[in-house]
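Enquirer: From the sequence below, what's the structure:
(chains A and B)
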Protein chains: 2
Amino acid sequence: MGVPGEVNVGLMGLGVVGGGVAAALLERPETLCGKIGRPVKLKKVLVRDLAKPRNSNLPSSLLTTDPEEILSDPDIHVLVEVIGGTQPAADYLEAGLSAGKHVVTANKEVMAKNGPELLSLARRNRVNLLFEASVGGGIPIIGCLMNELVANDIHSVRGIINGTTNYILTRMAHHGTDFSQALKEAQERGYAEADPTNDVEGIDAVYKLAILASLAFHHPFNPEDVYRQGISSLESQDFRYAQELGYAIKSLAIATLEDGVIQARVYPALVPVDNMLAKVDGVYNAVEVEGSLCGKVLFHGMGAGREPTTSAVVGDVIEVARRLTLQPGSPADGSPGTGEEASLRTPGPTEDGAARTVESIDGLMLKYYLRLKVADQPGVLAQIAHILGDGEISMASVIQKDTNLAEQTAEIVITTHPAREASVQASLRSMANLEVVRGVKSLLRIEE
Amino acid sequence: MGVPGEVNVGLMGLGVVGGGVAAALLERPETLCGKIGRPVKLKKVLVRDLAKPRNSNLPSSLLTTDPEEILSDPDIHVLVEVIGGTQPAADYLEAGLSAGKHVVTANKEVMAKNGPELLSLARRNRVNLLFEASVGGGIPIIGCLMNELVANDIHSVRGIINGTTNYILTRMAHHGTDFSQALKEAQERGYAEADPTNDVEGIDAVYKLAILASLAFHHPFNPEDVYRQGISSLESQDFRYAQELGYAIKSLAIATLEDGVIQARVYPALVPVDNMLAKVDGVYNAVEVEGSLCGKVLFHGMGAGREPTTSAVVGDVIEVARRLTLQPGSPADGSPGTGEEASLRTPGPTEDGAARTVESIDGLMLKYYLRLKVADQPGVLAQIAHILGDGEISMASVIQKDTNLAEQTAEIVITTHPAREASVQASLRSMANLEVVRGVKSLLRIEE
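Expert: So this is what the prediction gives:
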């Protein structure tokens, strides 16, 4: 039985973020209490290895390797999960919600893949499931979509939501570094993992975008419905050419809702240099929300790291604890949350009742940037132009670049007027089959 | 007696913003209901003139010229005030809170001047007083300081929070327009009022900064404690020289907390061109919050106008209505809110218990930009340098500009290394007394 009035927290995971969360909950308890109106106590911490040396003031008596010491303890009101990955995290979240615990998680993968089921479980159990830290680190984008911007119909969410790729792209743009070198630097600085696939292939951003899209458009969203293109095939000349054309290259995550149709994509794109998103450099993230009333609101900040993620996790813990304070009699007696009130922060997928469908990006109308390696001989452009013409794609500019005398090849950079995605894709396949085309090096969308 | 479960709103003011709020509350009631969990009904609207033709679908039966029809109606749970100005708005807010109504206001002047008293009244009456629309229009800065960023100790708030001056400065910077012409354009576009004093002299920004500082630092903040300098004395050559030095000129509102000392100022300042704030153009606003965990988070969006302000007001109405939904039995029976819960969103001034003092900016250490009109003769610079040296102000650069042969004058632009504000001010007074100094044209701080 907890001390009356105390909110007890069980923390799962004591890695970089978990260490930050534990420190924030243990340091200056009176400040935390002042913000909530009652004390918050870290009661138990799940770790994998009790013997691992830890650089923290955490009493070792709090540590456990048995998840049941948190999941089955009725005195623990709030479960904080910062383990990451799908399993066992998803099982723990499900068990916690089923036991009537409020849950705060930083887990983008679980929220993207199992979010609708977990949110539904939270609603059935009348508990909160908060996940501010799953997207954008210290940027309060999730809370703002649920609360401050709630009066709006959201038309689009566009952003730079993976700091690793943004760091790599910034290095490539500003220093002419090639991809593998920029990746190596990111790994040396701890911005990229040993296996960088999730980041550089856009998988991480797809998870985050799925979460944002489901919140923004009140529609359960499957990460597999997000079109995805990574950044590993970009070459340094793409940055040079883009700059000459007045653009930066940024890996954008974009979800739009128009006439009931949701489209979502993650890919490197050309962004006009005077656009705010073009100015987001290094490991910074930014998300621009366009709403029916607020217009375009941009959030910019640190998208990852111990402190920014701790800001989001502890913000959610305070929010949950404040809401527990609202429930008379709970959790003073240690009973799980029972009020309808608590579930209110847990967004329903269809709260506005409007029909939504998710479509592929085939129907997108965008301008495109193509870089082709072609035989350096007369008539090549005519063949390419013919294919584009057949696809009803009209060229805005063509520049021949970087002739390679030894190979007898040249690079051609083409930008198009707005064209249909499916048509551009089909034309590219045709071009790749031309004898004179030695390689389709880049296909980038221009997002204006 | 209202329909059980209905949240009734009384709206005071039907100007530009009031019209937007009324439209948002009347259109698509089912969407609003979906977001809250119960219907919201606009029950009464206070106007000055019943006969005034109105471009809205508002039933004339809702209109009244008698504030008591809202203030004394126990069925009205939420009072929305968008009249602006101190009186009678402040009296209405006080009466509404005293009657146990939740209050949503867009009134920056009242919140800056009477905020602490009104918030205290709200707490005593256990009702919410929300004011997202008072600062930053569609930018959710108030809510984020109270909620999403609550885990942080806030070190500073810096921003561009007056769209009128930012429009004028943008015109002056990008088009070489002089101040009076840029002001005229702003007035023609409806961005500046006939009497532009409140905007161009920084008074509006001072109100907003006082609100932000009180929230960020948990300390009641008097707008008179904000150092204030307007933009009306800026000349087009300041923008030219600033650009040559690598800076933009922006009217910044800055409040900092360091070692328990709060300092706050509103003035035009030089901002490095690659700083995000330098890229905020036109009527856009931006606020950068630096927190102990989140680091620097920047919010960028429309700071004024019917729709963005409506986004904030209606967001607050939904927040209040959701919280009413949390209170069992209220307002289904029309009784005013009574729960401690409701007051939680109403921030206490000293929730972290730490001591704070507010100081003048005399002790600031900044770099400065000075533009002087001087006699075009030998030895002038020596006299100026002597005064600066006496004040322990060291020069970073000196450029002589724009010699006027007829007047036999020249302009000197000086930038300094970090120096103490009080010392710079004293030196300027000494310089102004020099026979060779014909005018101190500009004193601008460099904010890096």
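
Enquirer: which residues pair with A:Thr415 across the strands?
Expert: For A:Thr415, the beta-bridge partners under DSSP bridges are A:Tyr369, A:Ser397.

Enquirer: give me the number of residues near A:Asp49?
Expert: For A:Asp49, the neighbour count with other C-beta atoms under 10 Å in any protein chain shown is 10. Yep, even glycine has a C-beta here, placed from its N, CA and C like the rest.

Enquirer: From A:Gly20, how far off is it?
Expert: Noted for A:Asp49: a distance of 19 Å to A:Gly20, by C-beta to C-beta, to the nearest Å.

Enquirer: what does A:Tyr247 give?
Expert: Remark: distance between A:Tyr247 and A:Gly20 (C-beta to C-beta) = 37 Å.

Enquirer: Same check on A:Gly260?
Expert: If you measure A:Gly260 against A:Gly20 using C-beta to C-beta, the figure is 41 Å.

Enquirer: swap in A:Ala321?
Expert: 18 Å.

Enquirer: Of those two, which one has the most company?
Expert: Between A:Ala321 and A:Gly20, counted using other C-beta under 10 Å, A:Ala321 has the larger neighbour count: 25 against 22.

Enquirer: That one contacts A:Val78, doesn't it?
Expert: Yes: counting by C-beta atoms under 8 Å, A:Val78 is a contact partner of A:Ala321 at 7.0 Å.

Enquirer: Overlap of the contact sets of those two?
Expert: Overlap between the contact sets of A:Ala321 and A:Val78, as judged by C-beta atoms under 8 Å, 6 or more residues apart in numbering or on different chains, is given by A:Val7.

Enquirer: lowest-confidence helix or strand of chain A?
Expert: Taking mean pLDDT, DSSP states H and E as the measure, chain A has helix A:340-343 as its least confident helix or strand, at a mean of 36.

Enquirer: Need the contact partners of the helix or strand just after that one.
Expert: Going down the chain from helix A:340-343, the next helix or strand is strand A:357-358, by DSSP states H and E. Defining contact as C-beta under 8 Å, 6+ apart, one finds that strand A:357-358 is touched by A:His219, A:Phe221, A:Asn222, A:Asp225, A:Gly260, A:Val261, A:Ile262, A:Gln263, A:Ala264.

Enquirer: Pull the most distant pair out of those.
Expert: Taking every pair in the contacts of strand A:357-358 and measuring C-beta to C-beta, the maximum separation is 17.2 Å, between A:Asn222 and A:Gly260.

Enquirer: Which of those two has more residues huddled nearby?
Expert: Between A:Asn222 and A:Gly260, counting by other C-beta under 10 Å, A:Asn222 is the more crowded of the two (15 against 12).

Enquirer: Tell me how many other residues surround the closest residue to the more buried one other than its chain neighbours.
Expert: Of all residues beyond its chain neighbours, the one nearest A:Asn222 is A:Ala210 (6.9 Å), with distances taken as C-beta to C-beta, 6 or more residues apart in numbering or on different chains. Applying other C-beta under 10 Å, we find 28 other residues in the vicinity of A:Ala210.

Enquirer: ok now do A:Ala210, which residues does it touch?
Expert: Taking C-beta under 8 Å, 6+ apart as the criterion, A:Ala210 is in contact with A:Ala112, A:Gly115, A:Phe221, A:Asn222, A:Pro223, A:Asp225, A:Val226, A:Ala264.

Enquirer: what's the answer for A:Leu257, then?
Expert: Under the criterion of C-beta under 8 Å, 6+ apart, the contact partners of A:Leu257 comprise A:Ile154, A:His155, A:Ser156, A:Ala216, A:Phe217, A:Arg356.

Enquirer: Now do the SS call for it.
Expert: The three-state label for A:Leu257, taken from DSSP: H, G, I helix; E, B strand; the rest coil, comes out as strand.

Enquirer: got a pLDDT number for it?
Expert: Model confidence at A:Leu257, expressed as pLDDT, equals 97.

Enquirer: picking up where we left off before, follow the chain on from the helix or strand containing the residue nearest to A:Asn222 and name the next helix or strand.
Expert: With secondary structure defined by DSSP H and E, A:Ala210 is part of helix A:203-217. Moving toward the C-terminus from helix A:203-217, the first helix or strand encountered (DSSP H and E) is strand A:227-228.

Enquirer: and that next one, average pLDDT?
Expert: Mean per-residue pLDDT for strand A:227-228: 98.

Enquirer: which strands and helices sit next to it?
Expert: Counting contacts by 3 or more C-beta pairs under 8 Å, 6 or more residues apart in numbering or on different chains; DSSP states H and E, strand A:227-228 packs against strand A:261-272.

Enquirer: Next, the angle from the strand it packs on to helix A:203-217.
Expert: Compare the direction of strand A:261-272 with that of helix A:203-217 by axes from the mean of the first three to the mean of the last three C-alpha atoms, to 10 degrees and you get 120 degrees.

Enquirer: Any buried residues in strand A:261-272, and which?
Expert: A:Ile262, A:Gln263, A:Ala264, A:Arg265, A:Val266, A:Tyr267, A:Pro268, A:Ala269, A:Leu270, A:Val271 (16 or more other C-beta atoms under 10 Å in any protein chain shown).

Enquirer: which secondary structure elements does it contact?
Expert: Using 3+ C-beta pairs under 8 Å, 6+ apart as the contact criterion, the elements in contact with strand A:261-272 are helix A:203-217, strand A:227-228, strand A:247-258, strand A:357-358, strand A:437-446.

Enquirer: Mind doing that once more with 7 Å?
Expert: The elements that strand A:261-272 packs onto, with contact taken as 3 or more C-beta pairs under 7 Å, 6 or more residues apart in numbering or on different chains; DSSP states H and E, are helix A:203-217, strand A:227-228, strand A:247-258, strand A:437-446.

Enquirer: Isn't A:Leu79 up against A:Thr105?
Expert: No: taking C-beta atoms under 7 Å as the contact criterion, A:Leu79 and A:Thr105 are not neighbours in contact, 8.3 Å apart.

Enquirer: what about the helices and strands packed on strand A:261-272, which gets the closest to B:Ile387?
Expert: Evaluated with C-beta to C-beta, those place strand A:247-258 nearest to B:Ile387, the distance being 45.8 Å.

Enquirer: can you tell me which residues contact the nearest residue to A:Asn285 once chain neighbours are set aside?
Expert: With C-beta to C-beta, 6+ apart as the criterion, A:Asn285 has its nearest non-adjacent residue at 2.9 Å, and that residue is A:Gly303. Neighbour list for A:Gly303: A:Gly136, A:Gly137, A:Ile139, A:Ile161, A:Gly163, A:Val283, A:Tyr284, A:Asn285 [criterion: C-beta atoms under 7 Å, 6 or more residues apart in numbering or on different chains].

Enquirer: As CSV, the buried residues of strand A:261-272 with pLDDT would be great.
Expert: CSV is the format used below for the buried residues of strand A:261-272 (pLDDT from 0 to 100):
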residue, pLDDT
A:Ile262, 96
A:Gln263, 97
A:Ala264, 98
A:Arg265, 98
A:Val266, 98
A:Tyr267, 98
A:Pro268, 98
A:Ala269, 98
A:Leu270, 98
A:Val271, 98
